[in-house]
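# Fold the following for me, if possible:
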Amino acid sequence: MKAITYTEFGGPEVLRLAEVDEPHAGPGQVRLKVVAAAVNPLDYKIRNGWRPQIAPPFPAIPGVEAAGVVDEVGEGVTGVAVGDEVLGWTVTGAYAEHALAVDFGPKPADLDWDLAAALPVAVETSVRVLDALGVGEGDTLLLHGAAGVTGAVGVQLAVARGATVIGTASPGNHDYLRSLGAIPVAYGTGLADRVREAAPQGIDAVYDAAGAGDLEVSIDLLSGTDRIITIADPKAAELGVTFSGPAPFGSRLGEYARLAADGKLTVRIAQSLPLEDAAKAQELSASGHAAGKLVLRP
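You can find the predicted model right below:
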C-alpha cells in the first residue's frame, strides 16, 4: 500500500511516499481503508523528535486521526462489520491507504469525510476537559486558543451546555468566535483587563487549549487553580494546574459525529490535500497559519 513514511527525525523533507506492507487486523482491532486522514500539530512535533516519550519505531507512518471504511475485523471485535464507515484514532499511522484502529465510532453516511477525520481529537479533548471542569448551565468559561480546531469545538460544546464562553484569539478570528457563540477577546498584554471587561461578574473555569503562557493570568483571574485545565502548557505542574491528556473515547464519538452531520457542530477545514503533499501539510500546520484543519486524502 502507499503510505507516508520517515526513517529519521527532522524537517518535512524526511517524509517520503513509499510502498509498504499492508497491516492486518489483530485481536481487538479493525482495519480501515482510509478515506481521509487529519493532520495535527503533534504529527510534526513527533517527526522532529520533540516528543521522545511517544517516538515511534522507524520506519514510522505519521498521523492519528482518520475516517474510513472497515475492511477487516479482528477477533473479539463486536458492533462493527466490514463495510461500515467509522472515524477514530489509528494505531499504525493515518497517513496511509490502510490503518488499524481500536478506538473509533460510527460515521453517519451524510457526514463529509474531511469533517469526519477532523473530529476525533478535538471532540475527545474538549469533552474530557469540560467534563473534568464541570462546565454547565450558568458558568462563565475562559477558553484560551478558542479559534483553533480544538478550542472552537470546546466553544461550541460549552455553549451547548449553557455556559458563557470568553474566547481568546487574534482579532482576525473574532467574527468567527462570535458566530460560534463566544465573546472574543484579544490575547497578549492587557488580557486580564479585557477578560474582566467582558465578564464583569468574573469567570468560573479556564480551559487552556493554546499553551501560550496564559496560566498565570488565568490563576489571577480565577483566584486559584481548582478549575483550570491545560492541554498544552508545559508549566502546568510548577503552577499547580492540571494537565490533561487523551483517554479512550470509542463509540461516544458517534454522538458528536451525528451533531456534525446535522450542522450542530462545525470544524473549519483549511485544505484537503493528496497524500503525497503530506510534507506541505505539516509545514502549514507548523506555521500556525492554516486557519482550520488540514486533511490528507490517500
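# what about the helices in the chain?
41-47, 113-118, 120-133, 149-160, 174-180, 191-198, 215-222, 236-239, 253-261, 278-287 (DSSP state H).
# List of residues touching the fourth one?
It refers to helix 149-160. Helix 149-160 is touched from outside by 118-119, 121-123, 125-127, 129-130, 135, 139, 141, 143-146, 165, 167, 169, 176-177, 180-182, 207, 209-210, 231, 264-268, 292-293, with contacts defined as C-beta atoms under 8 Å, 6 or more residues apart in numbering. C-beta: built from backbone N, CA, C; applies to glycine.
# next one: the longest one
Surrounding helix 120-133, the residues in contact under the criterion C-beta under 8 Å, 6+ apart are 38, 40, 64-65, 87-89, 141, 149-150, 152-154, 157-158, 161, 205, 207, 209, 227, 229, 231, 242, 244, 246-247, 249, 252-253, 256, 265, 267.
# Please repeat the previous calculation with a cut-off of 7 Å.
40, 64-65, 87-89, 149-150, 153-154, 157-158, 161, 205, 207, 227, 229, 231, 244, 246-247, 249, 253, 256, 267 (C-beta atoms under 7 Å, 6 or more residues apart in numbering).
# Mark which of these are buried, thanks.
Buried residues within these, counting neighbours by 16 or more other C-beta atoms under 10 Å: 40, 64-65, 87-89, 149-150, 153-154, 157-158, 161, 205, 207, 227, 229, 231, 244, 249, 253, 256, 267.
# Identify the residue nearest A232 in space, chain neighbours excluded?
Excluding the flanking residues, the one nearest A232 by C-beta to C-beta, 6 or more residues apart in numbering is G211, at 2.6 Å.
# Ok, D214 next?
Nearest to D214 is H144, by C-beta to C-beta, 6+ apart, at 5.1 Å.
# got the contact list for A81?
V70, V73.
# Offset the numbering so it begins at 5, please.
New numbering, starting at 5: the last item is A85.
# Can you read off the backbone torsions of it?
phi -140, psi 160 (degrees, to the nearest 10).
# domain assignment for this protein?
The chain resolves into domains spanning 6-123+271-301, 126-247 when parsed by automatic domain parsing.
# mind checking how far the shortest one is from the chain centre?
Domain 126-247 has its C-alpha centroid displaced from the chain centroid by 16 Å (C-alpha atoms, centre = their mean, to the nearest Å).
# Kindly report the same for the first one.
Taking C-alpha atoms, centre = their mean, one finds domain 6-123+271-301 lying 13 Å from the centre of the chain it belongs to.
# end to end, how far does that domain reach?
12 Å (C-alpha to C-alpha, to the nearest Å).
# Show the average pLDDT along that domain.
Averaged across domain 6-123+271-301, pLDDT comes to 96.
# same question, the shortest one
The pLDDT scores in domain 126-247 average 96.
# got the end-to-end distance for that domain?
16 Å.
# do the same with stretch 52-59
End to end - C-alpha to C-alpha - stretch 52-59 spans 10 Å.
# Other residues contacting that stretch?
Outside stretch 52-59, the residues that reach it (C-beta under 7 Å, 6+ apart) are F13, G14, K49, I50.
# Then stretch 68-78?
Contacts for stretch 68-78 (C-beta under 7 Å, 6+ apart): 28-42, 44, 84-91, 93-94, 98, 103, 111, 117, 120-121, 124-125.
# Show the buried residues in those.
29, 33-36, 38-42, 44, 84, 88-91, 93-94, 98, 103, 111, 117, 120-121, 124-125.
# beta partners of A40?
Beta-bridge partners for A40, by DSSP bridges, are A71.
# Go ahead and confirm it touches R301.
Yes. Taking C-beta atoms under 7 Å as the definition, A40 is a contact partner of R301 at 5.8 Å.
# Pull the contacting residues for the closest residue to M5 other than its chain neighbours.
Of all residues not flanking M5 in the chain, E101 sits nearest, at 4.1 Å (C-beta to C-beta, 6+ apart). Contacts for E101 (C-beta under 7 Å, 6+ apart) come out as M5, K6, A7, V38, P302.
# Name the residues of stretch 169-179 that come out as buried.
V169, I170, G171, T172, A173, N177, H178.
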